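> Have a look at this prediction, sequence included:
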Amino acid sequence: MRYLGPMRIALYEPDIPQNAGTILRLAACLGAEAHIIEPAGFPVTDRAFRRAGMDYLDQVTIVRHRSFDDFEGWRKKMQDLGDRARLILFTTRGSVSYLDHAFRRDDVLLFGRESAGVPDYVHEAADARLIIPIRPGLRSLNVAVACAMALGEAMRQTRARIAASP
């Protein structure tokens, strides 16, 4: 069974609520499924998101995972069902440009914590580690900006169409 649903974004232990909110809004507008791998640095309940002004919450599919192990269990279940669910990590430690990577419709685009990225065991679990090239001497892009760039390129390559509301 090949995955034909929307593109998927995963946030590893997000720690800036405004960035997570921006990414959820992006997911809502482009029809992407959003996965949040906890613990987060802020409450990730529907009530907390609504209080923060996330008025697009009803328009996005959010899947919460209590830990990276739970997330990996979900991925294994998807793979057992025939979904490749490749884990594509965006990291400043990557060596392959996201523009040179061949995305697949069933990839999961993973973004780390703004303050610390992801630990080594997450790097090791990734099927690909990609970088968004930036000018020398600069640290990194805002995670929401990086997510928008990556999702846009993945959708362009896979000719993904904007999904209907959940």
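Nice, I can see it. Numbers count the residues shown, from 1 in each chain.

> Buried residues, the helix or strand in which D69 is found. List them.
For D69, the host element (DSSP states H and E) is helix 68-80. Residues of helix 68-80 classed as buried: F68, F71, E72, W74, R75, M78 (neighbour count, 16 or more other Cβ atoms under 10 Å). Yep, even glycine has a C-beta here, placed from its N, CA and C like the rest.

> which residues does the nearest residue to the last one once chain neighbours are set aside contact?
Nearest residue to M78 in three dimensions, chain neighbours excluded: A85, at 4.2 Å (Cβ to Cβ, 6 or more residues apart in numbering). Shown here is A85, whose contacts under the criterion Cβ atoms under 8 Å, 6 or more residues apart in numbering are Y3, R75, M78, Q79, D106, D107, V108.

> now the farthest one out in the protein, which residue is it?
Here the centre of the chain is the reference, and by Cα atoms, centre = their mean the most remote residue is G137, at 25.8 Å.

> picking up where we left off before, residues in contact with the helix holding D69?
Under Cβ under 8 Å, 6+ apart, the answer for helix 68-80 is 3, 10, 12, 35, 37, 63, 65, 85, 87, 106, 108, 121-122, 125.

> Let me have these in a markdown table, adding secondary structure, distance to A27 and pLDDT as columns.
Formatted as a markdown table, the contacts of helix 68-80 follow (DSSP: H, G, I helix; E, B strand; the rest coil; distance: Cβ to Cβ, whole Å; pLDDT from 0 to 100):
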| residue | secondary structure | distance to A27 | pLDDT |
| --- | --- | --- | --- |
| Y3 | coil | 16 | 52 |
| A10 | strand | 11 | 98 |
| Y12 | strand | 15 | 98 |
| H35 | strand | 10 | 97 |
| I37 | strand | 15 | 98 |
| V63 | strand | 11 | 95 |
| H65 | strand | 15 | 97 |
| A85 | coil | 17 | 94 |
| L87 | strand | 17 | 98 |
| D106 | coil | 16 | 92 |
| V108 | strand | 13 | 98 |
| Y121 | helix | 26 | 98 |
| V122 | helix | 20 | 98 |
| A125 | helix | 22 | 98 |
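
> Fine by me, thanks again.
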